[in-house]
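> next comes the sequence, and after it the predicted model I'd like to discuss.
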Amino acid sequence: MIEDAKASGTYKDPYDGINFVERHPVIEGADGSIKFDQVVVFPDYFNEQSVKVVASKYLCNNAKRKESDLRDMIDRVSDTTVDLAMKDGYFETDQDIIDFGYKLKYYQIHQYSAFNSPVYFNHGIAEKNQLSACFILSVEDNMESIANLYRDEMMVFQKGSGSGVNFSPLRSSFEKVGNADKSSASGPISFLKASDISASVIKSGGILRRAAKMACLNADHPDIFKFINCKKKEEDKLDAIKSSGILSESGYELSDEVFFQSTNLSCRFSNRFMEAVKSDGYWSTREVLTGNVVETVKARDLLMQVSSIAHKTGDPGVMFHDTINDWNTTPADGSIDASNPCGEYHGQPNTSCNLAALNLIKFFSFRNGQYFFDYERYCDVVSTMITAQDVFVDNAAYPTEKLTQGTKRFRALGFGLSNLGGLLLYLGIPYDSEKGRIITSLLTSILTGIGHITSAKIAKKLGPGEWWNNEINQDAIYRILNKHKNTQMNYLWISLMMNLLL
């Protein structure tokens, strides 16, 4: 097909006009040993740090495939995606397919947008491979389920992804096991330690930084105070180890000696809890199995303890359970109880989400004393990348059958804004300012709107996700779309206002 386009003169080279040069990134370990040393080919506008990261982490270097040129990686990812889009009937004409492939390569090589890491690690390496970055798993109050959670997380981490899970279904350390009066349950914190060790040992993609995981606990769980304080205790241990003069072993860090270094923590607060905080009322924790009250405390004391510990360690964060579920587009399938490791993807348990990001600064320019926003290019990048991400859903591998079914049922896609701070600096606008917040909200509104439009076009052509076959979910999506509509302006006015602001 491409050869025919070249013969007809309709083919465009996405790499045309770029000056590719040899670079020689060298990466040393903390002990001075060489971790990476290779001559590679990159565009001359890639800075040294970008070359090091991409060359050492994302260029394929296994027994079957060796990549030493950035074009090799982008061609692998894009050509594989185009072939799958053709197979699945995403496009009507050959020219549409050629244009799609051109845009995919052009937008990546020119740094307009990028997919999440597992796409670059895995796509095109095998027939099917893990492409989602973010997984939300589940656990039940029995040893088989806990063991399965460990196994599922290990498979997620191995391929470069992260996971989140709500540990609230596990009995607390205040509750009994079986009929033994003197035998207490281990509680979620104990099981979380084992999960954290797994993430630290396997690392992300088997070769990178620590794998990332999110652990959530509901505010009425009896172990909520242990949960709030667990990372602080480990940080105190780490400080003691450092002050003792103990050195890390070769290839390790001192932080490997303590728990929860791979785990983000989040407390889930309900509206009822927050109302108790406002009224200076009381809050009760309750047994998981019976619902009996274990402890009653001032709600403000619990919240202040979260705030105090978070100020010292960065954890725990908070998630507002009822607010999140007010935006749940699939309530017929249950409550949303957890997020991915970084908190940007909230979804049903046993699902995953593929992510991508826009490099905002690429869409702005300064000419004749005025800033300009390339609205049409921005929309086209969103549409192109969202289409590619949807192609990934049916053509990726997932660690379990539950995750396969859940991901294909909901088809969750995430698209975020990167380089926002750099953009506002470029525009001369303070980060913490009303003008900065308006510009951010407008950019997000366009992204959301174009994402919905692209999704609707794909659904019209190929059919909606399975979640749509339920009236409760249909009512929810229309209600939430109206919530968007009521808080966002017409997209044409957004473009106009953006240029007025600049």
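Yep, that arrived. Numbers count the residues shown, from 1 in each chain.
> which non-adjacent residue is nearest the most centrally placed residue in the chain?
Ranked by distance to the mean C-alpha position of the chain (CA atoms, centre = their mean), the top residue is Cys134 at 4.9 Å. Closest residue in space to Cys134, ignoring its immediate chain neighbours: Asn340 at 3.4 Å, by CB to CB, 6 or more residues apart in numbering. Just so you know, the C-beta spots here come from the backbone N, C-alpha and C atoms, and that holds for glycine as well.
> number of nearby residues for that neighbour?
27 (other CB atoms under 10 Å).
> just the pLDDT for the residue nearest to the centre of the chain.
With respect to pLDDT, Cys134 has a value of 94.
> pretty sure it contacts Cys353?
Yes - if you go by CB atoms under 8 Å, Cys134 and Cys353 touch, sitting 4.6 Å apart.
> now do the shared contacts for the two.
Common neighbours of Cys134 and Cys353, counting by CB atoms under 8 Å, 6 or more residues apart in numbering, are 340, 345, 414.
> just send these back as JSON lines, with pLDDT and secondary structure too.
What follows is those, written out as JSON lines (pLDDT from 0 to 100; DSSP: H, G, I helix; E, B strand; the rest coil):
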{"residue": "Asn340", "pLDDT": "94", "secondary structure": "coil"}
{"residue": "Tyr345", "pLDDT": "93", "secondary structure": "coil"}
{"residue": "Gly414", "pLDDT": "93", "secondary structure": "strand"}
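> between these, which sits nearest Val21?
Of all the shared contacts of Cys134 and Cys353, Val21 sits closest to Gly414, with 33.6 Å by CB to CB.
> show me the beta-bridge partners of that closest one.
Assessed by DSSP bridges, Gly414 has beta-bridge partners Leu355.
> list the contacts for it?
134, 344-345, 353-356.
> among these, which one lies nearest to Trp467?
Cys353 (13.9 Å).
> is it correct that that closest one falls within a strand?
Yes - Cys353: assigned to a strand according to DSSP: H, G, I helix; E, B strand; the rest coil.
> now the strands for the stretch 201-350 of the chain?
213-218, 263-269, 282-286, 293-298, 317-320, 338-339, 346-347 (DSSP state E, counting those that start in this stretch).
> the residue nearest to Cys134 is in contact with Ile136, isn't it?
Yes - Asn340 is in contact with Ile136 according to CB under 8 Å; the separation is 6.4 Å.
> run the chain-centre distance for stretch 133-153.
19 Å (CA atoms, centre = their mean, to the nearest Å).
> can you give me the end-to-end span of it?
12 Å (CA to CA, to the nearest Å).
> is it fair to say Val21 lies in a strand?
Yes - with three-state DSSP as the criterion, Val21 is located in a strand.
> OK, contacts around it?
Listed by CB under 8 Å, 6+ apart, the contact set of Val21 reads 41-44.
> pLDDT score assigned to it?
97.
> that one pairs with what?
Phe42.
> quick check on the residue nearest to Cys134: phi, psi?
Asn340 adopts backbone torsions of phi -70, psi 180, taken as degrees, to the nearest 10.
> ditto for the one 5 residues further on
As for Tyr345, its main-chain torsions (degrees, to the nearest 10) stand at phi -120, psi 110.
> count of neighbours near it?
Count around Tyr345 with other CB under 10 Å applied: 26.
> my guess is it contacts Leu355. True?
Yes - the criterion here is CB under 8 Å, and Tyr345 meets it with Leu355 at 7.4 Å.
> what touches both of those two?
With CB under 8 Å, 6+ apart as the test, Tyr345 and Leu355 both reach 134, 414.
> save the strands of the stretch 201-350 of the chain as a markdown table, and put in distance to Ser117 and mean pLDDT too.
Shown next, in a markdown table, are the strands of the stretch 201-350 of the chain (distance: least, CB to CB, whole Å; pLDDT from 0 to 100):
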| stretch | distance to Ser117 | mean pLDDT |
| --- | --- | --- |
| strand 213-218 | 15 | 96 |
| strand 263-269 | 17 | 96 |
| strand 282-286 | 38 | 98 |
| strand 293-298 | 41 | 97 |
| strand 317-320 | 22 | 96 |
| strand 338-339 | 18 | 96 |
| strand 346-347 | 19 | 94 |
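> which one of these lies closest to Gln405?
Using CB to CB, these put strand 346-347 closest to Gln405, at 13.7 Å.
> ok, that closest one: who's next to it in the sheet?
Applying DSSP bridges, strand 346-347 is found paired with strand 338-339 (antiparallel).
> who's in contact with the partner strand?
By CB under 8 Å, 6+ apart, the residues outside strand 338-339 that reach it are 136, 164-166, 214, 216, 266, 319, 345-347, 349.
> Ala388 should be in a strand, yeah?
No - counting by three-state DSSP, one finds Ala388 to be helix, located in no strand.
> for the residue lying closest to it once chain neighbours are set aside, grab the count of nearby residues.
Spatial nearest neighbour of Ala388, excluding adjacent residues (CB to CB, 6+ apart): Thr81 at 5.1 Å. If you count neighbours by other CB under 10 Å, Thr81 ends up with 25.
> who are the packing partners of the helix or strand harbouring Phe121?
Per DSSP states H and E, Phe121 falls inside helix 117-122. Applying 3 or more CB pairs under 8 Å, 6 or more residues apart in numbering; DSSP states H and E, one finds that helix 117-122 contacts helix 48-57, helix 70-88.
> and those helices, which is most packed in?
Compared across the helices and strands packed on helix 117-122, helix 70-88 shows the largest average neighbour count, a mean of 19 (mean count of other CB atoms under 10 Å).
> quick one: mean pLDDT over that helix.
The average pLDDT for helix 70-88 rounds to 97.
> which other residues reach it?
By CB under 8 Å, 6+ apart, helix 70-88 touches 15, 20, 40-43, 46, 54, 58-60, 65, 67, 91, 97, 100-101, 104-105, 108-109, 115, 119-120, 123-125, 387-388, 391-392, 394-395, 462.
> picking up where we left off before, what do Asn340 and Ile136 both touch?
163-164.
> pretty sure Gly160 sits against Val119.
No - here Gly160 lies out of contact with Val119, judged by CB under 8 Å, at a distance of 9.3 Å.
> what about Pro430, how many neighbours?
The tally of other residues near Pro430 (other CB under 10 Å) stands at 10.
> check contacts around it.
424, 436.
> for Met274, see how far away it is.
Applying CB to CB, to the nearest Å, the value for Pro430 to Met274 is 30 Å.
> let's verify Leu481: helix, strand, or coil?
With three-state DSSP as the criterion, Leu481 reads helix.
> residues near it, how many?
Using other CB under 10 Å, Leu481 is surrounded by 12 other residues.
> avg pLDDT for the longest helix along the chain?
Ordering each helix of the chain by length in residues (DSSP state H) puts helix 434-462 first. For helix 434-462, mean pLDDT rounds to 92.
> and the angle from it to helix 70-88?
40 degrees (axes from the mean of the first three to the mean of the last three CA atoms, to 10 degrees).
> now do helix 434-462: which elements does it pack against?
So helix 434-462, by 3+ CB pairs under 8 Å, 6+ apart, packs with helix 375-395, strand 413-418, helix 420-427, helix 471-487, helix 491-501.
> okay, those, which one's buried deepest?
helix 375-395 (a mean of 20).
> so who does Phe42 touch?
Each residue near Phe42 by CB under 8 Å, 6+ apart is listed here: 20-21, 23, 50-51, 54-55, 69-70.
> distance of the closest residue to Phe20 other than its chain neighbours from Asp79?
Nearest residue to Phe20, sequence neighbours excluded (CB to CB, 6+ apart): Val41, at 5.3 Å. Counting by CB to CB, the gap from Val41 to Asp79 is 18 Å.
> one more: Gly314?
In terms of CB to CB, Gly314 sits 41 Å off from Asp79.
> for Asp337, same thing?
On the measure of CB to CB, Asp337 and Asp79 end up 39 Å apart.
> again with Asn328
For Asn328, the distance to Asp79 - CB to CB - is 37 Å.
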